[in-house]
Structure formats: structure tokens, C-alpha cells
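Student: need coordinates for the following:
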Amino acid sequence: MKEAHKTIPDGYMQDAKGALWPIETIREIDRTRDELVHEIVAKARAQSEQLAQFKAAVFGDIEAFIQLSGEKYGVAMGGKKGNVSLLSFDGRYKVQRAVSESLAFDERLQIAKELVNECIHLWSEGSRSEIRALINDAFQVDKEGRVNTARILSLRRLEISDEKWQLAMRAIGESIQVAGSKTYFRVYERVGDTAQYQPISLDIAGV
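Tutor: Have a look, this model is predicted:
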């Protein structure tokens with residue numbers, strides 16, 4: 001249950017431990033610092049709200065344009081997924097909407113791991129140490145017990161015709177689940193007359 005906000009009596013300030021102090025007992029520099037922090041936080045919240053509204057408006061505008069474009073060809077566009085790039089007529093500006101999906105593996109990954117381990121055991125005498133290292137590294141987990149998706153998927157690019165290995169790779173493919181997706185947009189401006197584009201930063205650290 002969320003704790004109710006504590007009402008602070010007039011003439012007092014509350015410290016980090018929740019204790020109340022008469023304002024006249026607090027040093028001027030501490031009061032000035034407190035005012036500055038609250039002022040910056042208020043401005044940051046206002047900017048955050050404006051960015052949220054801007055983001056929602058951009059996504060809405062892009063989707064509306066896609067629908068409009070579809071109508072020109074008699075196509076009803078469904079859903080809001082999919083990558084799309086929009087360029088200004090002169091090619092100077094580019095807006096990209098992209099969908100990034102996060103992947104996870106179900107219990108079949110453990111089956112694949114056992115099959116791969118069997119392959120390693122059978123190949124132990126004649127297999128290359130680099131391949132064994134790659135395989136062992138792929139199935140390592142982090143502190144949260146998660147595997148590295150890219151490393152697991154890299155195993156499927158190895159050209160190994162062994163039947164058991166192929167079965168393991170099929171198990172990996174079938175174990176892939178989409179755990180979630182994130183849609184984002186980026187805005188770019190062309191660098192002079194080149195074919196390169198540089199992002200227009202919407203990150204406070206990059207401005």
C-alpha cells in the first residue's frame with residue numbers, strides 16, 4: 001500500500017529521515033540548495049511531460065501517414081508494428097520508426113544444450129578447441145540466470161552437418177519466444193551533400 005504524503009506544517013522543513021525542523025534552525029545554504037533542487041526537478045518534470053506528449057504525437061502522425069499512404073493504393077494497413085523510414089522531399093531529413101523485439105528461450109533450450117553436450121563429448125578427441133570454446137561460452141548465464149541471445153543464435157550459423165547437432169539447432173530455433181517489443185523513432189539530418197545522416201539528439205546527454 002502506498003504511503004500517504006506527509007503534510008509539512010508551515011515554518012518547517014522535513015529531512016531525509018522524515019524529521020521536521022523549524023526553518024530558522026536550518027542553514028541558509030541548505031535552504032538555498034533545497035530550493036534549487038526543487039526548481040530543477042519541477043522543470044525536468046515539465047520537460048519530461050512535453051517529451052512524452054511529443055513522442056505520442058510523432059507515433060500518431062507516423063501511423064496516420066502510413067494509413068493515408070495505404071488508402072492511396074486501396075490497402076487497409078493493420079497494426080502498428082514494422083520498421084518504416086520517411087524522407088523529406090529534398091532528402092535532407094529522415095524519420096525512422098523501428099520495432100525492437102527482445103527474445104527469450106523456453107525449456108527446449110535445455111534440450112538443445114544436452115544435445116550439444118553430447119556432440120562435444122563425441123567430438124572431444126577430434127573437435128577444434130575454438131568450436132568447443134564457442135559452444136561453452138554460448139550457454140553461459142549472467143548473474144540473473146539469463147543466456148546471451150546473440151551467442152546462442154550464433155551457434156546456428158556454424159556449418160556442422162552432424163544429425164544430433166542439427167536436431168539441437170532445430171530445438172534452439174523452436175525455443176525462441178518473443179518476450180516483448182519496444183517501438184521507437186529517430187530523427188536524422190543529412191550531413192552536407194553526403195549520403196550520411198546524423199541523428200538530431202533527443203537525449204539530454206547528447207544535446
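
Student: next, name the residue at the spatial heart of the chain.
Tutor: With distances taken as CA atoms, centre = their mean, the chain has residue 182 as the residue nearest its mean C-alpha position (6.4 Å).

Student: how much space separates that one from residue 35?
Tutor: The gap separating residue 182 from residue 35 is 37 Å, by CB to CB, to the nearest Å. (Each C-beta comes from the backbone N, C-alpha and C, glycine too.)

Student: residue 138 too?
Tutor: 54 Å.

Student: now do residue 146
Tutor: Taken as CB to CB, the span from residue 146 to residue 35 is 44 Å.

Student: kindly report the same for residue 183.
Tutor: Here residue 183 is placed at a distance of 39 Å from residue 35 (CB to CB).

Student: quick one, which of the two is more surrounded?
Tutor: Neighbours were counted for residue 183 and for residue 35 using other CB atoms under 10 Å; residue 183 has more, 15 against 10.

Student: pull out the buried positions in stretch 153-160.
Tutor: Neighbour counts over stretch 153-160 (16 or more other CB atoms under 10 Å) mark 153, 155 as buried.

Student: pull the distance from the top helix by length along the chain to the chain's centre.
Tutor: As assigned by DSSP state H, the longest helix anywhere in the chain is helix 28-72. On the basis of CA atoms, centre = their mean, to the nearest Å, helix 28-72 sits 19 Å off its chain's mean C-alpha point.

Student: need the CA coordinates for the helix or strand following that helix. PDB is fine.
Tutor: Tracing the chain C-terminally past helix 28-72 and defining elements by DSSP states H and E, one meets strand 84-87 next. The C-alpha trace of strand 84-87 is given here as PDB (Å, rounded to 0.1, in the frame of the first residue of the first chain):
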ATOM      1  CA  VAL A  84       9.500   2.400 -41.700                       C
ATOM      2  CA  SER A  85      11.600   5.300 -43.000                       C
ATOM      3  CA  LEU A  86      10.200   8.700 -44.100                       C
ATOM      4  CA  LEU A  87      12.300  11.200 -46.000                       C
END
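
Student: state the mean pLDDT of the helix or strand just after strand 84-87.
Tutor: Per DSSP H and E, the first helix or strand lying C-terminal to strand 84-87 is strand 93-105. What strand 93-105 shows for mean pLDDT is 88.

Student: who touches whichever helix or strand comes after strand 93-105?
Tutor: Note on strand 93-105: by DSSP H and E, the next helix or strand toward the C-terminus is helix 108-123. With contact meaning CB atoms under 8 Å, 6 or more residues apart in numbering, helix 108-123 is reached by 127, 132, 135, 139, 147, 152, 155, 160, 162, 164-165, 167-169, 171-172, 174-175.

Student: thank you kindly, that will do.
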